[in-house]
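# with the input below, show me the fold.
(one chain, ligands or ions: 1)
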Amino acid sequence: MSMITIVGAGPIGLQTAINLKKNGLDVDIIEEHREIGKPVQCAGLISKTGCKELGLNIEESFVNEIKGARLFSPSGIELSIKKKEPIALVVDRYKFDQAFYKKALKENIQVQLSTKLIDIRKNSLFLESHGHGELKKTGIIVGADGVSSIVRHVVAPEIQQENFVHAYQIRAKGIFNPEMVEVYFDENAKGLFAWIIPENNSIARIGLATQMNENPADNLKKFVEKKGLVLDVLDKSSAMIPIGKPMQNLVFGNTLLVGDAGFHAKATTGGGIIAGLQAAKACSDTIIAHIKNRKKLSDYNKKLSKINKELAMHWKIKSYLNSLEKQKIDDFFLKAKKAGIEEFLQEHGDMDNPSRFTGKMLRSPKLWSLLPDLLKMI
Ligand SMILES: Cc1cc2nc3c(=O)[nH]c(=O)nc-3n(C[C@H](O)[C@H](O)[C@H](O)COP(=O)(O)OP(=O)(O)OC[C@H]3O[C@@H](n4cnc5c(N)ncnc54)[C@H](O)[C@@H]3O)c2cc1C
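Numbering: from 1, shown residues only. This is a model prediction of the structure:
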């Protein structure tokens, strides 16, 4: 019997395991794929501040540095926010995940590849390993099995489809501005947006996410045609993104959820790497205190309150934008541009933590014309 089993060897599951093992706990991981980090289903954009605060070393997976973003309303009104210094990094997600895997192996953590969780009954995990059924007994289960989490389906089956969007992304050759990401609030990307994230001036990750009842591949084709982009496609991928409200409870008996499985992703952008890694720390700290000091596993919910506060704000902003008709989004862009939002965000913007600048917005008289929208958002 294992002390702790983590389901899913994505960055969040691996980091949770590394934290536990470093504190002397016995932990193993099961992973359905035979290679860590594949298939790649991510644009790989992460904030520099998030990396710094987490002490993340991305030397092996570094691809590009980003100085800002160009945001486009449905009819093409542009908000351009560019900082003097880089604010975000583009990583190679395969190499990024592999770096966590190497760290886990260094800690002697056993990662059982080609092993898929099928079901859970209390302390028993029903697995399919290399085509054979297997039963595994464990003390604590951590569901880090991503957006379509089986662990979450077992412990919280009530989660509905409206909490997800469906994404499709290509990696393509073309001509790009290597310093800026582009974000389009486009009719083909209802529920989120379309993006262009440059790796350099000749390769970018171009994608969109849309409501679950739409076909994101068809929509991306329409978007690319509309934009008149001339592209030579190198890769394609498709996956869901969680954009739901943060879950108030992530502890179900001996089972905890973390990362995409526990909705640790920003509803405004779908970005889940930084929030997931922050939650991984809360998750492992909780388990360590439970085993060493007999603290309750439900303390995990309290430890997540700071992360959840930011995620809830992302969710409110997204819900407000989603509630607006096309014309109203255009109006909002125009109003925000006139009020000087570009200059404000150049100085105060924070990709991960809206609470770090919303207070300043309320205290900035130039932006008071946006107050009615702001109050509805937050
Ligand atoms: C198109 C797209 C673009 C994105 N772009 C960004 C971005 O730019 N920046 C950002 O921060 N985030 C982005 N995200 C989100 C980001 O990819 C996720 O938030 C992140 O991968 C979450 O990590 P995780 O470890 O929780 O889950 P995952 O990385 O999904 O890892 C889960 C692991 O669990 C395994 N697993 C699943 N089910 C089982 C099972 N039953 N048994 C065993 N193993 C299982 C999977 O194989 C996988 O290895 C994007 C997502 C998509 C789809």
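# would you agree V165 is in contact with A194?
No - counting by C-beta atoms under 8 Å, V165 stays clear of A194, with 11.7 Å between them. Just so you know, the C-beta spots here come from the backbone N, C-alpha and C atoms, and that holds for glycine as well.
# gap between the spatially most central residue of the chain and I307?
Geometric centre of the chain, nearest residue: G272, 1.6 Å, by C-alpha atoms, centre = their mean. According to C-beta to C-beta, to the nearest Å, G272 and I307 sit 11 Å apart.
# so the closest residue to G272 other than its chain neighbours, which of the three states?
Closest residue to G272 apart from its sequence neighbours, by C-beta to C-beta, 6 or more residues apart in numbering: A265 at 3.3 Å. Here A265 is recorded as coil under DSSP: H, G, I helix; E, B strand; the rest coil.
# for A265, which residues are in contact?
Residues counted as contacts of A265 (C-beta atoms under 8 Å, 6 or more residues apart in numbering) are I241, P242, I243, G271, G272, A275, G276, L311.
# also within reach of the ligand: list those from the residues you listed.
I241, G271, G272, G276 (C-beta under 6 Å from any ligand atom).
# the first one sits in which helix or strand?
Counting by DSSP states H and E, the element that carries I241 is strand 232-242.
# can you list the strands that that strand pairs with?
strand 164-173 (antiparallel) (DSSP bridges).
# give the next helix or strand downstream of the strand it pairs with.
Next helix or strand after strand 164-173 toward the C-terminus (DSSP H and E): strand 180-184.
# give the next helix or strand downstream of that next one.
Assignment by DSSP H and E places the next element after strand 180-184 at strand 191-198.
# what packs against that following strand?
Contacts defined by 3 or more C-beta pairs under 8 Å, 6 or more residues apart in numbering; DSSP states H and E place strand 191-198 against strand 62-66, strand 164-173, strand 180-184, strand 203-210.
# and the ones you listed, which is most packed in?
strand 203-210 (a mean of 25; mean count of other C-beta atoms under 10 Å).
# beyond that one, next helix or strand please.
helix 216-227.
# for the lengthiest helix in the chain, buried residues please.
Taking DSSP state H as the criterion, the chain has its longest helix at helix 273-293. Using 16 or more other C-beta atoms under 10 Å as the test for burial, helix 273-293 gives 273-291.
# what does the protein put close to the ligand?
Contact residues (C-beta under 6 Å from any ligand atom) of the chain with the ligand: 7-13, 30-33, 41-46, 116-117, 144-146, 150, 167, 169, 207, 239, 241, 259-261, 265, 270-273, 276.
# please convert the buried members of these into ChimeraX selection syntax.
For the buried members of these, the matching ChimeraX selection, counting by 16+ other C-beta under 10 Å, is:
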select :7,8,9,10,11,12,13,30,31,32,42,43,44,45,46,117,144,145,146,150,167,169,207,239,241,259,260,261,265,270,271,272,273,276
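# show only the entries of the residues of the chain next to the ligand found in helices.
Judged by DSSP H, helices contain the following of the residues of the chain next to the ligand: P11, I12, G13, I150, I273, G276.
# circling back: among the helices and strands packed on strand 191-198, which comes closest to L234?
strand 164-173 (4.7 Å; C-beta to C-beta).
# not counting its own residues, what contacts the closest one?
Contact with strand 164-173 is made by 41, 43, 147, 191-192, 199, 202-212, 214, 216-217, 219-220, 231-244, 270, as judged by C-beta under 8 Å, 6+ apart.
# what of stretch 342-360?
Taking C-beta under 8 Å, 6+ apart as the rule, stretch 342-360 contacts 47, 49-50, 68, 79-83, 87-88, 266, 268-269, 271, 274-275, 309-310, 313-314, 317, 361, 364, 366-367, 374, 378.
# please repeat the previous calculation with a cut-off of 7 Å.
47, 49-50, 79-83, 87-88, 274, 309-310, 313-314, 317, 361, 364, 367, 378 (C-beta atoms under 7 Å, 6 or more residues apart in numbering).
# got it, and stretch 109-127?
For stretch 109-127, contacts defined as C-beta under 7 Å, 6+ apart pick out 5, 7, 9, 17, 21, 27-34, 101, 104, 128-130, 134-139, 141, 145, 150-151, 154, 254.
# just the buried residues of the residues you listed.
Using 16+ other C-beta under 10 Å as the burial test, the contacts of stretch 109-127 include 5, 7, 9, 17, 21, 27-32, 101, 104, 136, 138, 141, 145, 150-151, 154, 254 as buried.
# so where is this structure shaky, pLDDT-wise?
Counting by pLDDT under 70, the chain has low-confidence residues at 378.
# ok, now with 80
The chain contains residues with pLDDT under 80 at 160-162, 359, 362, 371, 374-378.
# show me the domain layout of it.
2-44+92-156+247-314, 65-89+163-242, 323-377 (automatic domain parsing).
# E59 is nearest to which of those?
Between the domains of the chain, domain 2-44+92-156+247-314 lies closest to E59; by C-beta to C-beta that is 8.4 Å.
# returning to what we had before: what about the longest helix of the chain, distance to the chain center?
Centroid separation for helix 273-293 versus its chain: 17 Å, with C-alpha atoms, centre = their mean, to the nearest Å.
# over to stretch 297-315?
15 Å.
# same deal with stretch 301-317?
Worked out by C-alpha atoms, centre = their mean, stretch 301-317 lies 13 Å from the chain centre.
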